[in-house]
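> Kindly generate the corresponding structure for this input.
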Amino acid sequence: MRRGYAVLDLETTGLSPKYGDRIVEVGAVYLTPDLRLEGSIETIVNPKRDVGPTSIHGLTATDVLDAPTFDQVAPIILDMLDGRVLVGHNIRFDLNFLNAELSSEGYEIPEVVSIDTLLVARKLLDRAWVPSFKLHDVARYFGITTEAACEFAGVGPRAAHSALGDALVTALSLCQFIHASPKSGFWDSHLDSAEKLIWPERVFLEVKEKRRDEKSEKLELSTLAVIEAVSATSLVAPSTELYSDRLNEVLEDRVLDPDELDQLIKVARDLGFDKATLGSLHRGVFDGIVQEAWLDGKLSIDERKDIQLVAELLGIEIETMMSAMLGGNGSEQLTLPAGSVIVLTGEMSKPREEVESEILARGFVVGGSVSKKTALVIAADPNTQSGKAKRARDLGIPILGEGEGLSLIRS
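Alright, predicted model coming up:
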């Protein structure tokens, strides 16, 4: 039985899977053989590496942080392809990535039956009719916009270069091409060939798809929740020893689970703490851990990583954590010593050369890679999973966003 068409668009970290680039978003639309809209797929994919050119696809490292990985969405993609003709604008690009990702997960996939609307446009449209054969120029010739395509599908607005937005535009363009040549055997022959392919078995996993309009959830629990759970002020001056002891107990294994968080909230409420008192207690515990780490006059890699972890669990501000790393007591203005090595990662809002020039002009050194000598990594997005960021986390080296990092070197 013919299943119809699967119109696909992928956003990726770069141009070639041969150089380690990966898929960061999948958007697909199902059309029946008679071109009725049957369903869709839309999800960001965590590539487990840097997201690449955010200026093109619009996705940041924070967006992908809690998105499913490709192995989780692979069964859904295989089910989409099974029995359907794969359609895309410059489909060879998408196929290269699909083949690479599916092969890396151990799937043996057949020769996909596909239709490239780019080639169809070159065949059916006169070059004088369109500025180019790019997707949105072809769509504009038919009066198709991303907004109109989303409205047709009954979904909210999607930006151009979002995977589902472009898949919908491609799907409506496909319909126009088929209506323009309904008697061509081209379409039927592809539908018949796709029906005969045998696809590998797959096991569906419980996966939570993530769309662009869904904010990332913070993955780690933080004792900031305790502060938010109490009143802003207190009429009494309660004893702090019981809460501090309990806080040190739950932090001993450096893991904070929901039950422990609930216990801390209960203790804080029972003792009548206000937000200011709790903030001071959390800072006091953090300062105690930092002072212990600095007893021998230096920080090991493990100690640096531990300070970062404790800062996250206690909701300590990044400036305070950085000051602790650099040997300050947290009350003084945070500065980097002259000659400190700073490494950049990700696509900055300014040209890379301009950022590097400012760093050099202010007396610092720009490093090409992260090592034990690196003092700071400045990232376009501090949640990046680039190789440099992963190395920095392994070494306990602080990572700041572009704005915070540049403010620091200017201070």
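> which one is His282 nearest to, not counting chain neighbours?
Leu314 (4.5 Å; Cβ to Cβ, 6 or more residues apart in numbering). Heads up, the C-betas are built off the backbone N, CA and C, glycines and all.
> residues contacting the most centrally placed residue in the chain?
Nearest to the mean C-alpha position of the chain, by Cα atoms, centre = their mean, lies Val64 at 1.8 Å. Counting by Cβ atoms under 8 Å, 6 or more residues apart in numbering, Val64 makes contact with Val24, Ile44, Val45, Asn46, Pro47, Val51, Gln385.
> who wins for neighbours among those?
Val51 (31 neighbours; other Cβ atoms under 10 Å).
> That residue and Ala67, how far apart?
Taking Cβ to Cβ, to the nearest Å as the measure, Val51 falls 10 Å from Ala67.
> quick one on the thing from earlier: number of residues surrounding the residue nearest to His282?
Around Leu314 there are 25 residues (other Cβ under 10 Å).
> For it, grab phi and psi.
When read as degrees, to the nearest 10, the backbone of Leu314 gives phi -90, psi 0.
> what about the stretch 101-250 of the chain, any weak spots by pLDDT?
Filtered on pLDDT under 70, the stretch 101-250 of the chain yields the residue ranges 215-225, 227-239.
> ranges for the helices of it?
117-124, 135-141, 146-153, 163-180, 185-196, 224-229, 241-251 (DSSP state H, counting those that start in this stretch).
> who does the last one touch, helix- and strand-wise?
Applying 3 or more Cβ pairs under 8 Å, 6 or more residues apart in numbering; DSSP states H and E, we find helix 241-251 packed against helix 258-270, helix 275-293, helix 301-314.
> how about the longest one: buried residues?
Across helix 275-293, burial judged by 16 or more other Cβ atoms under 10 Å covers 275, 277-279, 281-283, 285-287, 289-290, 293.
> can you put these in JSON lines and add pLDDT and distance to Ile301?
Below are those laid out as JSON lines (pLDDT from 0 to 100; distance: Cβ to Cβ, whole Å):
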{"residue": "Lys275", "pLDDT": "80", "distance to Ile301": "34"}
{"residue": "Thr277", "pLDDT": "82", "distance to Ile301": "34"}
{"residue": "Leu278", "pLDDT": "83", "distance to Ile301": "31"}
{"residue": "Gly279", "pLDDT": "83", "distance to Ile301": "29"}
{"residue": "Leu281", "pLDDT": "86", "distance to Ile301": "28"}
{"residue": "His282", "pLDDT": "88", "distance to Ile301": "25"}
{"residue": "Arg283", "pLDDT": "87", "distance to Ile301": "24"}
{"residue": "Val285", "pLDDT": "87", "distance to Ile301": "22"}
{"residue": "Phe286", "pLDDT": "89", "distance to Ile301": "19"}
{"residue": "Asp287", "pLDDT": "87", "distance to Ile301": "21"}
{"residue": "Ile289", "pLDDT": "89", "distance to Ile301": "16"}
{"residue": "Val290", "pLDDT": "88", "distance to Ile301": "16"}
{"residue": "Ala293", "pLDDT": "86", "distance to Ile301": "12"}
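> Including distance to Thr146, could those go into TSV?
Converted to TSV, these look like this (distance: Cβ to Cβ, whole Å):
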residue	distance to Thr146
Lys275	45
Thr277	52
Leu278	47
Gly279	46
Leu281	51
His282	46
Arg283	48
Val285	51
Phe286	48
Asp287	52
Ile289	51
Val290	51
Ala293	52
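> of the residues you listed, closest to Glu241?
Comparing those against Glu241 with Cβ to Cβ picks out Leu281 as the nearest, at 10.0 Å.
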